[in-house]
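Trainee: Need a 3D model of the sequence below.
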Amino acid sequence: MELSQEQITFFRQNGFVRLDAITTQEEIIRLRAIYDRLFEQKSGRNEGQQFDLAGTDEDDKEAKLPQILSPSTYAPELKDSLYHRNALTVAQQLLGPTAAYTGEHAILKPPRIGAETPWHQDEAYWNPGQYHESISIWMPLQEATLENGCMQFIPMDTAGDVLPHHSINHDPRIHGLEMDTVDASQAVACPIPAGGATIHHCRIPHYAGPNRSDTPRRAYILVFGLPTEARETARDFHWQRERQTARQERHRNAQMKN
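Mentor: Model (predicted):
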């Protein structure tokens, strides 16, 4: 899959770009069936890999923004896809030939109750002691619209650093992060068809609204990056230290058993 020079230039100037298609509609049908099965079975929950990104994540509460980290751990067939192959090709065009797959996650917004994903930068979740040069390729498994929570971005220079964040609603029991302050007056919404994609740099502020539609909003995200390097001085991501979540506890317990 070849990006145009116009698309590459737009990404470098704005930190994001939109694609109309990164895979086929036939593959979307196959991936959607796998995706729905993983969420219905709560795959990864006992290991802390499935959790409510926007809530306190108690077992007896309905998740309003469920997420699965590394879904291919529970469905290895996800990696055997045109989406994966095209995404790697795109990543190497944008970051260089040494760009490689570094992770994946799936985010579901249930119909009518799906919560917003607040403004944040992906790097705010990552190791503050490393330099990161990474992109996320976000693909919806149905049409993504303003009504159901398509992606929105604030164009900016990717050379900047991570801005201050805090746990959603300043509640350390919630895994999800949001920026302390944000000027969204220049935000660009990116509705796209099923099988389209948005691509954004790890330091670009982005947001996805709540799902007010009658159908689920499914997103499957692949992450690619250049090899990381240690910083001479680690940054202080205090929001990571302050967070105490049910997801962390399940993850620790699963690791101790192994």
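Trainee: hey, let's count contacts and neighbours off CA atoms from now on
Mentor: Fine.
Trainee: now the helices: where do they sit in the chain?
Mentor: For the chain, applying DSSP state H gives helices covering 5-14, 25-40, 82-95, 238-242, 246-257.
Trainee: quick one: average confidence on the third one?
Mentor: Across helix 82-95, pLDDT averages out at 98.
Trainee: next one: the fourth one
Mentor: Confidence over helix 238-242 (mean pLDDT, whole number) is 97.
Trainee: which residues are in contact with that helix?
Mentor: For helix 238-242, the surrounding residues in contact (Cα atoms under 8 Å, 6 or more residues apart in numbering) are Tyr125, His165, His166, Ser167, Pro172.
Trainee: Next: the longest one.
Mentor: Taking Cα under 8 Å, 6+ apart as the criterion, the residues outside helix 25-40 that touch it are Ile68, Pro71, Tyr74, Ala75, Leu78, Ser81, Leu82, Ala106, Leu141, Ala194, Gly195.
Trainee: In ChimeraX, select just the buried ones from these.
Mentor: Buried residues within the contacts of helix 25-40, by 16 or more other Cα atoms under 10 Å, are selected in ChimeraX with:
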select :68,71,78,106,141,194,195
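Trainee: hang on, the earlier thing: looking at the helices of the chain, which is closest to Gln130?
Mentor: Among the helices of the chain, the nearest to Gln130 by Cα to Cα is helix 238-242 (14.7 Å).
Trainee: export that closest one as PDB, just CAs?
Mentor: Provided in PDB are the C-alpha atoms of helix 238-242 (Å, rounded to 0.1, in the frame of the first residue of the first chain):
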ATOM      1  CA  HIS A 238       3.400  11.900  38.100                       C
ATOM      2  CA  TRP A 239       0.000  10.700  36.800                       C
ATOM      3  CA  GLN A 240       1.400   7.200  36.300                       C
ATOM      4  CA  ARG A 241       2.600   7.000  39.900                       C
ATOM      5  CA  GLU A 242      -0.700   8.300  41.300                       C
END
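Trainee: What count of nearby residues applies to Val188?
Mentor: Close neighbours of Val188, defined as other Cα atoms under 10 Å, add up to 14.
Trainee: contacting residues for it?
Mentor: Contacts for Val188 (Cα under 8 Å, 6+ apart) come out as Gln152, Phe153, Ile154, Pro155.
Trainee: Tell me what it is bridged to.
Mentor: Phe153 (DSSP bridges).
Trainee: nearest spatial neighbour of Gly44, skipping sequence neighbours?
Mentor: Gln50 (5.1 Å; Cα to Cα, 6 or more residues apart in numbering).
Trainee: thinking again about what came up before, from the contacts of helix 25-40, which two are the most distant?
Mentor: Tyr74 and Ala194 (23.0 Å).
Trainee: Could you verify my assumption that Asn177 touches His165?
Mentor: Actually, residue 177 is Leu rather than Asn. Yes - counting by Cα atoms under 8 Å, His165 is a contact partner of Leu177 at 6.3 Å.
Trainee: Which neighbours do the two have in common?
Mentor: Both Leu177 and His165 are contacted by His120, Ala124, under the criterion Cα under 8 Å, 6+ apart.
Trainee: Give me the more crowded residue out of those two.
Mentor: Using other Cα under 10 Å as the criterion, Leu177 and His165 rank with Leu177 on top: 28 against 21.
Trainee: Name the residues of the lowest-mean-pLDDT helix or strand in the chain that come out as buried.
Mentor: Least confident helix or strand of the chain, by mean pLDDT, DSSP states H and E, is helix 246-257 with a mean of 91. Across helix 246-257, burial judged by 16+ other Cα under 10 Å covers Ala246, Arg247, Gln248, Arg250, His251.
Trainee: now, among those residues, which is nearest to Ala21?
Mentor: The closest of the buried residues of helix 246-257 to Ala21 turns out to be Arg247 (Cα to Cα; 33.8 Å).
Trainee: How about that closest one, nearest residue that isn't a chain neighbour?
Mentor: According to Cα to Cα, 6+ apart, the nearest residue to Arg247 is Gly48 (4.8 Å).
Trainee: Quick check, the one you found in contact with His251.
Mentor: Yes - between Gly48 and His251 there is a contact at 4.3 Å, judged by Cα under 8 Å.
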